[in-house]
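Novice: okay, here's the prediction I keep looking at, along with the sequence it came from:
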Amino acid sequence: MSRSEAIYHRVVIWILLIVLMLPLLATLVYALVLEWGATILPSGFTLKWVVALWSDPRFLIALWHSLLVCFGTLFLSLVLILPLMFVIAYYFPKLDALMNILILLPFAVPPVVSSVGLMQLYSAEPLALTGTPWILIGCYFTIALPFIYRAISNNMQAINLRDLMDAAHLLGASTWKAALLVVLPNLRKGGMIAVLLSFSFLIGEFVFANLLAGSRYETVQVYLYNMRNGSGHFTSALVISYFMVVLIFTWVANILNKGKR
């Protein structure tokens, strides 16, 4: 690559980065100003809105609800999907084509349509789950399924699953011992990618959370919707805080992933 091509590529990357960061920077500035109305420049800067947000017990509870539902969904998804994928990849590889069709079904049905059906099904006894985190975990599981399945499936194809299992069998390991001690550690990167993709998507989910739980189990997105008529500075502080929470969890996950050899 010539010097002019390298400079061109860097310029394009920096322009793209600036375009992507400008909305966040504008939101951050608006969250830190005292007042900014009819004047070109703000009247002053303050942390009042950020402090007010993080001092609000309702926001802290909503954030805890969002994290609890997201991590509960991810744990349930990994526990259920990993054994299923191993069985399909090792024993029934022909079923992979069918699974590729099934994992697309959650995107084929609009969330509003799914929510109406779920409300009718789970609003009465014996399974009155509407307004509880359990119905959100079930819905979020269907949303996370395509991301988790595709990321781990690509990882399984890259590590040559059958060759690894044959080598483990030659060394005297049983099938499930080889799966736990040989295959599972090699799926760490694919699992981490699946978790990060699913987490960033689930924590921003609004339709299911609003229709199936609403204020009875308020998440961050529902809290943001309920506070939409309040101060714009407060809402900007909320958006920036939400973004920073996702960024921190992503950064910690990357650090943990790099720390393991």
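Specialist: Sure thing, it's come through.
Novice: excluding sequence neighbours, find me the nearest residue to residue 35.
Specialist: Nearest non-adjacent residue to residue 35, counting by CB to CB, 6 or more residues apart in numbering: residue 43, 4.6 Å away. In this view, the C-beta of every residue, glycine as well, is placed from N, C-alpha and C.
Novice: one more: residue 234?
Specialist: Counting by CB to CB, 6+ apart, residue 234 lies nearest to residue 49, which is 5.1 Å off, once chain neighbours are set aside.
Novice: residue contacts, that neighbour?
Specialist: Contact partners of residue 49, counting by CB atoms under 8 Å, 6 or more residues apart in numbering, are 31-32, 231, 233-234, 236-237.
Novice: can you say which of the residues you listed are buried?
Specialist: Listed as buried from these are 31-32, 233-234, 236-237; burial here means 16 or more other CB atoms under 10 Å.
Novice: nearest to residue 69 among those?
Specialist: Among these, residue 237 lies closest to residue 69 (CB to CB), at 22.8 Å.
Novice: so for whichever strand or helix holds the closest one, what gets flagged as buried?
Specialist: Per DSSP states H and E: residue 237 is located in helix 232-259. For helix 232-259, a neighbour-count test (16+ other CB under 10 Å) marks 233-242, 249 as buried.
Novice: list the buried residues in the lengthiest helix in the chain.
Specialist: If each helix of the chain is counted by residues according to DSSP state H, the longest one is helix 57-90. Neighbour counts over helix 57-90 (16+ other CB under 10 Å) mark 59, 62-63, 65-67, 69-74, 77-78, 81-82, 85-86, 88-90 as buried.
Novice: got the contact list for stretch 236-254?
Specialist: Residues from elsewhere that reach stretch 236-254 (CB under 8 Å, 6+ apart): 24, 27-28, 30-31, 49-50, 52-54, 59, 63, 192, 195-196, 199-200, 203, 220, 223-224, 227.
Novice: over to stretch 228-235?
Specialist: Residues contacting stretch 228-235 (CB under 8 Å, 6+ apart): 30-31, 33, 49, 52-53, 224, 227.
Novice: may I ask which two of those are separated the most?
Specialist: The span of those, defined through CB to CB, is set by 33 and 224 at 19.6 Å.
Novice: nearest residue to the residue most central in space within the chain other than its sequence neighbours?
Specialist: When CA atoms, centre = their mean is applied to the chain, the residue found nearest the centroid is residue 199 (1.7 Å). The shortest distance from residue 199 to any non-neighbouring residue, by CB to CB, 6+ apart, is to residue 70 (5.6 Å).
Novice: about what we covered before: out of the buried ones among the contacts of residue 49, who's nearest residue 106?
Specialist: residue 236 (32.0 Å).
Novice: helix or strand for the nearest residue to the closest one once chain neighbours are set aside, which one?
Specialist: Nearest residue to residue 236, sequence neighbours excluded (CB to CB, 6+ apart): residue 31, at 3.8 Å. Assigned by DSSP H and E, residue 31 belongs to helix 3-32.
Novice: check which helices and strands that helix sits against.
Specialist: With contacts taken as 3 or more CB pairs under 8 Å, 6 or more residues apart in numbering; DSSP states H and E, helix 3-32 sits against helix 48-54, helix 232-259.
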